[in-house]
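[1] Provided below for reference: sequence and predicted model.
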Amino acid sequence: MKRATKKRTPHSFSKPRLSPFASGLLREWKRLELPLKPTTVVVAVSGGADSTALFLALHELFTKKKLKLRLIVAHVNHGLRGDAGAEDARRVKALATELGYLSALRRINVRKKATRMRDNIEQMARLVRYEFLEQTANKKQAKIVLTGHTLDDQAETVLLNLIRGSGADGLGAMEPVRPFHPKGKAILARPLLAWAKRVETEKYCRTQGVDYCHDEMNVDEKFARVRVRQEVVPLLKTFNGKIVETLSRTAELLRADSAALNGAAERLLEFASRLSPATRTDAMPALDVDLLMLAPAAIRRRALRQWIARGRGDLRRVEFVHLRALEGLLSGNRGGRTIELPGGAKVSRLRGRLRFHGGKR
């Protein structure tokens, strides 16, 4: 006689559910069309709630076989917080080791480098962080670098750029996915940017039983972003309780507009340079003045920005005043005029052509 077996209920076959936070990350991962097949990924982890939550959620998706990832944890100690910075690095490495992942850590004296480069500390910290992330991705042959920027970060960036007088590109703020370089293979992705808020990352860390680091610089009001976070955003919430979501949506709309205008600017550059082929002494193709003057100002300025970026390698310290000066070269018929750009590059007008002189910054 066969022994009676206990009938299994449907619950007996159920798999452990994903947490709501990890489920949200998985939805966004698919929406951004990030790879589902085995992929090497560098995840930037500062030790704060946002990046720690991203790391933990990726680990959850990996362990529950929702994503096939080879994670490498990257951390930069900017050398600005003494023993506290060293402790953050130690905790990040310990967490990565506990969960079974490789880590890449580096300490960089940002203050010293900013002084040498005559740049502000915030900008320099961002620059060295992204340089390290890209170097780590190249070394580990990773195709994707992930950062933990959230919906709150996006709203703050929109406001900061508005205060500084940015155009549509700046007000479009951060892109969820972008290449590190136009010709590079690695991409930078921010899978929390469009949906996760800071309170949610903090809550998720707590539910996972993981402590996150508290950076005192995040409450130091000498930094513009901190003042926007602590003063401007709370004030705006009295007008619109969903101001963070609203600003993020505005940025998304402006990015779409900017993409269309940038495409038109690229075509303008192509036609303007065809009419002015480069000589042996030109670092960049010259541009036909008459054709530039026929274009709408919004497209012409974008074309000039793209041209400068290709000549210098970037647009650091190039401001609206420099674009206005470039447009001044276009007006009138007089040639032989020259303007200087930050970093030593120059642009001159000669025989109806704009010519770029000089190298990168």
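    Good, I have the coordinates.
[2] Just the buried residues of stretch 200-219, please?
    200, 201, 202, 204, 205, 208, 210, 212, 213, 215, 217 (16 or more other CB atoms under 10 Å). Just so you know, the C-beta spots here come from the backbone N, C-alpha and C atoms, and that holds for glycine as well.
[3] Mind checking which of those are in helices?
    Taking DSSP state H, the ones among the buried residues of stretch 200-219 that sit in helices are 200, 201, 202, 204, 205.
[4] do you know how far the residue lying closest to the fourth one once chain neighbours are set aside is from residue 114?
    When you say that, I think you mean residue 204. Leaving aside its chain neighbours, residue 204 sits nearest to residue 21 (4.1 Å; criterion: CB to CB, 6 or more residues apart in numbering). From residue 21 across to residue 114, the span is 35 Å (CB to CB, to the nearest Å).
[5] One more: residue 39?
    Look at residue 39 and residue 114: by CB to CB, they are 34 Å apart.
[6] Which of the helices or strands spans residue 192?
    Per DSSP states H and E: residue 192 is located in neither a helix nor a strand.
[7] burial measure for it, as a count.
    Neighbours of residue 192 under the rule other CB atoms under 10 Å: 30.
[8] And the one 4 residues further on, by the same measure?
    Other residues within reach of residue 196, judged by other CB under 10 Å, total 26.
[9] next one: residue 22
    Other residues lying near residue 22 total 23 when counted by other CB under 10 Å.
[10] start at 22 instead
    Noted, 22 is the first residue going forward, which turns the last one into residue 43.
[11] wait, what's in contact with it?
    Neighbouring residues of residue 43 by CB atoms under 8 Å, 6 or more residues apart in numbering: 78, 81, 82, 85, 87.
[12] helices or strands up against the host helix or strand of the third one?
    Counting by DSSP H and E, the secondary-structure element that holds residue 82 is helix 70-84. In this structure, helix 70-84 makes packing contacts with helix 41-52, strand 60-65, strand 90-98, helix 104-120, helix 219-228, judged by 3 or more CB pairs under 8 Å, 6 or more residues apart in numbering; DSSP states H and E.
[13] Tell me the buried residues in the longest helix along the chain?
    Counting residues, the longest helix found in the chain (DSSP H) is helix 264-295. Judged by neighbour count (16+ other CB under 10 Å), helix 264-295 contains these buried residues: 264-266, 268-269, 271-273, 275-276, 279, 282-283, 285-286, 289-290, 293-294.
[14] what about the helices in the stretch 272-382 of the chain?
    Per DSSP state H, counting those that start in this stretch, the stretch 272-382 of the chain carries helices over the ranges 310-315, 318-333, 341-351.
[15] so how far is the longest one from its chain's centroid?
    Offset of helix 318-333 from its chain centre (CA atoms, centre = their mean, to the nearest Å): 21 Å.
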